[in-house]
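Colleague: below are the sequence and a predicted model; questions follow.
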Amino acid sequence: MAPRVQLEKAAWRWVESVRPEDIHREHIEIAYRICVPPCKRGACRRNCKGNPNCLVGIGEHAWLGEINENNFHNIDDPNSELHRIKSHQFVPLIKLDRTEYPHTIFPFSDYEPRSICEHLQYLFALLQNSNRRYIDPSGLVKALGLDTGQQQDAQEFSKLFLSLLEDTLSKQKNPNLQNVIQLQFCGQMSYVTVCNQCGRASPLPSRYYELELNIQGHKNLTECVTEFLKEEKLDGDNRYFCESCESKQNATRRIKLHSLPHVLNLQLMRFVFDRQTGHKKKLNTFISFPEQLDMGPFLEGKGICVYELSAVLIHRGVSAYSGHYIAHVRDARTSDWYKFNDEEIEKMEGKKLQLGIEEDIAETVKSQTRKPKCSKGYHCSRNAYMLVYNGSPLSVPGFLQRLVDRDNRKFEEWCLEMADMRKQSVDKGKAKHEEVKELYELLPAEDGQQYEFVPLEWLKKWLDDSTVTKEIDNGNFLCSHGKLHPDKVGEAKRISVKAAELLFDRYGGGPRLDGSTLCEECVGQRCRVLRLKNQLAEDYKEVTNLVKGPPKSDEGYWVGKTSLRSWRQLALEQLDEDEEETKHIDGKTNGEGPEITNQDEDEEEMKTFNEDILCRHGGLSILESERRLMTEEVWSKLRVYFPRAPQFTQLQEPCQQCLRLEREGKENEALNRMMASEQKCSLLNLFQEKNRPTLTKWPQETDILYIVPLFFVDEWRKFIRRPTKTTPVSSVGNSLLLCPHGGFMFTHDSMLMGDAQHIALLWPGEWEVISRHFLVDQPISICRISQATPNGSSVEYTTQPELCRDCREGFIFQQQRDMREYAQATVYVRKVIDDKRLMEAAPEVNVSGSEAEDEREEPVTKVDGERDPDFSQIEDGAKRQRLSDGTIGAAASPAPMASGGKSGIRRSTRHRKLRGEKALIVSANQTLKELKIQIMHAFSVAPFDQNLSIDGRCLTDDSATLGSLGVIPESVICLKADEPIADYAALDDVYQGMFLFLSFFNFFLFFLLYTLNLLYTMN
């Protein structure tokens, strides 16, 4: 089938030879593509939207071919391995960051454990006897208060987990539960120190939960235990203080094992500190360990001596900062070994421990060493990290077994429910299949038969079984005459009346569009527009030639010069608008709301021909330079394209209202010029900022100065400079400087400290002039009062109106509060080296999380690191103060005066950034740690290498907020970076090699399953 654009052109090709008044039924059917042949199955890969007769590629292939029952549902088989555990196999724990299997990992039982002990019991019972594929441990994790986001090593987590259990169980009321961790995991040992001088032995008793064995330089477990218990000499600086000898003496120290726990946990110290690199490294030494361990030779007293190997934790990986944990656990009931790899559990063959590819540590060929041969009953591993030796387990108590059985029954009920839902979906799909096969054969409309239109999207959703079929809605296809719009025929499909009757009877909807709804008015309008578009190029050339000739003096029409230059483009836009008008119904387009246009854009961009000579009153513009006189022949041709354009003949007079306003405007401009000239002469020093009074050096010739807002002075100067372009200033709003009670808000001292940045000081003579020319709501003055005292003369300053102390205190409090409670404020971080500012150019980087604010100031002259950034160095070596634009001397704050300069010049209050300094966006409630992270992104300095200070005060508390540390907006924070470490690759390994403890959480819980047996019988 031809592309959609070609079908569109073919549907309207007849307009070149047919006028709108000569349109017949055959032309209308061509425009609606009624006679376009339908596509055959297999000819189109996708549906032809430009052809209303194409019914291929709308989703019918899923129903007309072979039907697969699995296509009718999205429900997994509840008896598959995804949901149900295999017979005689352990149940793994789901990792807490997994989101799969949302319907299967949570127990259906209404039993809710109330204590940690009950959580642990219930979880172990589910692990041992549940039918589920996975068990969720989040209940126990939450009860223990563990942080699943914290990254820990396996040994660290082992100690943390046992510590949490011991602390929790010690608070139980049942005394048998209080010491269950000690009974199962805790052994007794002592550090015995013997003085070589007097022979006195000093034992130090201690408890242990695991033995940390050094493997470096050893080949088997016996050697590791022997070294752990060997005697250590204390001499030299490490001599022992003997209480009997009352002096430091040479001595020996060794560890004695007095009792062994029921569960013996051996930690093989594979991760050691490398002094050369300053980081941890992994020892890939082969260590041999037995299946039966006899601890009798190492025990001082009597106790359990022979242990059975019950679990091995493997760490796969070369580095100490990365890798993967795999646990091997022995079932004490059957002596079968299982491998736990996250949620995957694999039973080993032959009831033997098989480490297999876990010994592959991805070393190079040169560094690999051959695995030594192991005797019968021994295993050899270079990755074994933790060894657990255990006694015999007990069975699950009856009440827990009943809870598990109840959960299994709920699980079986859920499986039956899922199977029933699968069957219902399949039955529904088969019924839909029969319906589609029946109706799809009836859809095509034969030539010469009656037909109707239905939406293409509705047909696709009807054939898509995953969505609910709604009623048929043809409302979006209607034109302004309530019929089918010609442009919408590509989004509809023509079907037979019989098929339409069945679809509308079954699904409802409307309005129904048949052959009588083909809109003749829309086709005629489109024909007129297309003919004008074809004629536009020829008319444009003719109008261009006619415009070149001079018009006759006794006739003509006014045309805007802008309209005349762009009339071709305006004509095209007008024709497009005429074409779009057929889509509107009562101001709406296809049932949608009217388009909202921006009025400001309409005012700036001309939309209608000749509106550029239309004044705001609707008359002819008074600007003769913007219009041109055209002949009647030219106007008649333009009128065809712009029938609604404003028309003005040569005899049309300009708008009288505009003429009157023009005269009044010229009179007002003359009056403003005169007013500005008079005010400038009266207040020349104020305008030129000469001879201004200041508070830092009170003028001797007067004891009173007057105060006005700086805003008033700025606006007044703008008027003096451009009296015809700006509005005259009529009043002085001194109430801006007063509180609600009418009192003044500033003191003499506060204005010296910087509060005067928004006020201007006036001489008494200037105040008299301002009082005559402007309306003043409230005079404000400051007076100097000199008094003679025995110690000399004293000077006081008072204001009128007087200071409102309550409002002043509230104002100061609010200022301080704003300094402490700010959001999205700017601070500046300045990097220093050897307590000097770093001024070298540094590439700017984006600050993640809080982008540095855009530089808003002009470039600053490059200065040395020791120079004051607020001064620039001139050739004679004197420091001259930089001046900010628009500052007023009367609003001076105390600042050093430049030599030979004018008095009363104040320093700019804007912060000037230096090169090497960066601006950050921060908030008061942000912590110092978060600020350090921003600084890390900006300066590439790690947080632990950052030394921050402000005003000489160090910032060290990472958990404190910036507000509590006294960091206020516009603060300058100095950053001094420590020397970075040389091995960045090792630092990267530190960050990337942290392990989530959930990767070996299975190991500990299964290990506890066979060791916490007393919990099952003591509840």
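Modeller: Everything's here; your move.
Colleague: going forward, measure contacts between C-alpha atoms and count neighbours the same way
Modeller: Noted.
Colleague: pLDDT of the longest strand seen in the chain, averaged?
Modeller: In the chain, assigned by DSSP state E, the strand with the most residues is strand 306-316. Per-region confidence: strand 306-316 scores 88 on mean pLDDT.
Colleague: buried residues of it, list them for me.
Modeller: Tyr307, Glu308, Leu309, Ser310, Ala311, Val312, Leu313, Ile314, His315, Arg316 (16 or more other CA atoms under 10 Å).
Colleague: ok, the third one touching Phe289?
Modeller: Meaning Leu309. No: taking contacts as CA atoms under 8 Å, Leu309 lies outside contact range of Phe289: 9.1 Å.
Colleague: re earlier: okay, the longest strand of the chain in PDB with CA atoms only?
Modeller: Once non-C-alpha atoms are left out, strand 306-316 reads as follows in PDB (Å, rounded to 0.1, in the frame of the first residue of the first chain):
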ATOM      1  CA  VAL A 306      35.400 -34.100  69.600                       C
ATOM      2  CA  TYR A 307      33.500 -31.900  67.200                       C
ATOM      3  CA  GLU A 308      31.900 -32.600  63.800                       C
ATOM      4  CA  LEU A 309      32.400 -30.100  61.000                       C
ATOM      5  CA  SER A 310      29.000 -28.500  60.300                       C
ATOM      6  CA  ALA A 311      29.600 -25.400  58.200                       C
ATOM      7  CA  VAL A 312      32.200 -23.700  56.100                       C
ATOM      8  CA  LEU A 313      32.100 -20.200  54.800                       C
ATOM      9  CA  ILE A 314      34.000 -19.500  51.600                       C
ATOM     10  CA  HIS A 315      35.200 -16.100  50.500                       C
ATOM     11  CA  ARG A 316      35.700 -16.000  46.700                       C
END
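Colleague: just say helix, strand or coil for Ile326.
Modeller: Three-state assignment for Ile326 (DSSP: H, G, I helix; E, B strand; the rest coil): strand.
Colleague: how about Pro654?
Modeller: Applying three-state DSSP: Pro654 is coil.
Colleague: same thing with Phe687?
Modeller: helix.
Colleague: now it. Nearest residue, chain neighbours left out?
Modeller: Excluding its sequence neighbours, the residue lying closest to Phe687 (CA to CA, 6 or more residues apart in numbering) is Arg717, at 6.3 Å.
Colleague: now the one you found: how far from Pro723?
Modeller: 10 Å (CA to CA, to the nearest Å).
Colleague: what separates the residue nearest to Phe687 from Leu737, distance-wise?
Modeller: Taking CA to CA, one finds Arg717 at 20 Å from Leu737.
Colleague: do you know the pLDDT at the closest residue to Arg200 other than its chain neighbours?
Modeller: Distance criterion CA to CA, 6+ apart; nearest residue to Arg200, sequence neighbours excluded, is Val194 at 5.5 Å. If you check Val194, the pLDDT there is 93.
Colleague: against which helices or strands is whichever strand or helix holds Val194 packed?
Modeller: Using DSSP states H and E, Val194 maps to strand 187-195. On a contact count with 3 or more CA pairs under 8 Å, 6 or more residues apart in numbering; DSSP states H and E, strand 187-195 meets strand 201-208, strand 251-259.
Colleague: so which of these is the most packed in?
Modeller: strand 251-259 (a mean of 19; mean count of other CA atoms under 10 Å).
Colleague: right, and Val832 touches Ile973 too?
Modeller: No: applying CA under 8 Å as the test, Val832 and Ile973 come out as separate, 10.1 Å apart.
Colleague: more neighbours: those two, which one.
Modeller: Legend: neighbour count by other CA atoms under 10 Å for Val832 and Ile973, higher for Ile973 (21 against 17).
Colleague: paired strands for the host helix or strand of that one, with orientation please.
Modeller: Take DSSP H and E as the rule and Ile973 turns out to sit in strand 972-977. For strand 972-977, the paired strands and their directions (DSSP bridges) are strand 825-833 (parallel), strand 946-950 (antiparallel).
Colleague: now those strands as JSON lines including mean pLDDT and distance to Gly448?
Modeller: Listed next are those as JSON lines, based on pLDDT from 0 to 100; distance: least, CA to CA, whole Å:
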{"stretch": "strand 825-833", "mean pLDDT": "88", "distance to Gly448": "76"}
{"stretch": "strand 946-950", "mean pLDDT": "91", "distance to Gly448": "86"}
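Colleague: nearest to Ala201, out of those?
Modeller: strand 946-950 (49.8 Å; CA to CA).
Colleague: off-centre distance for that closest one?
Modeller: Put simply, strand 946-950 sits 29 Å off its chain's centre (CA atoms, centre = their mean, to the nearest Å).
Colleague: re the thing from before, so between Arg717 and Pro723, which is more surrounded?
Modeller: The residue with more neighbours, out of Arg717 and Pro723, is Pro723; 22 against 17, by other CA under 10 Å.
Colleague: wait, doesn't the more buried one sit right on Arg673?
Modeller: Yes: under the criterion of CA under 8 Å, Pro723 makes contact with Arg673 at 5.6 Å.
Colleague: returning to what we had before: could you dump the helices and strands packed on strand 187-195 into CSV with mean pLDDT and distance to Tyr540 added?
Modeller: Output for the helices and strands packed on strand 187-195, formatted as CSV (pLDDT from 0 to 100; distance: least, CA to CA, whole Å):
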stretch, mean pLDDT, distance to Tyr540
strand 201-208, 90, 101
strand 251-259, 91, 109
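Colleague: a markdown table for the ones you listed, including distance to Arg382?
Modeller: As requested, the helices and strands packed on strand 187-195 are exported to a markdown table (distance: least, CA to CA, whole Å):
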| stretch | distance to Arg382 |
| --- | --- |
| strand 201-208 | 26 |
| strand 251-259 | 27 |
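Colleague: out of those, which comes closest to Lys159?
Modeller: Lys159 lies closest to strand 201-208 among the helices and strands packed on strand 187-195, at 10.7 Å (CA to CA).
Colleague: partner strands of the closest one and their direction?
Modeller: strand 187-195 (antiparallel).
Colleague: in the partner strand, what's buried?
Modeller: By neighbour count on 16+ other CA under 10 Å, the buried set for strand 187-195 is Gly187, Gln188, Met189, Ser190, Val192, Thr193, Val194, Cys195.
Colleague: do you know the pLDDT at the second one?
Modeller: Right, Gln188. Note on Gln188: pLDDT of 88.
Colleague: for it, name its beta-bridge partners.
Modeller: Arg207, Ser259.
Colleague: give me every residue that touches it.
Modeller: By CA atoms under 8 Å, 6 or more residues apart in numbering, Gln188 lies in contact with Pro205, Ser206, Arg207, Tyr208, Leu257, His258, Ser259, Leu260.
Colleague: mind redoing it with 6 Å?
Modeller: Residues in contact with Gln188 (CA atoms under 6 Å, 6 or more residues apart in numbering) are Arg207, His258, Ser259.
Colleague: between the residues you listed, which is nearest Leu484?
Modeller: Arg207 (90.1 Å).
Colleague: so how far is Ser163 from the closest one?
Modeller: 13 Å.
Colleague: one more: Val832?
Modeller: 46 Å.
Colleague: Glu930 now?
Modeller: 32 Å.
Colleague: any low-confidence regions in the stretch 451-600 of the chain?
Modeller: 465-468, 549-554, 578-600 (pLDDT under 70).
Colleague: quick one on the thing from earlier: Glu930 and Ser163: who's more crowded?
Modeller: Per other CA under 10 Å, whichever of Glu930 and Ser163 has more neighbours is Glu930, with 17 against 14.
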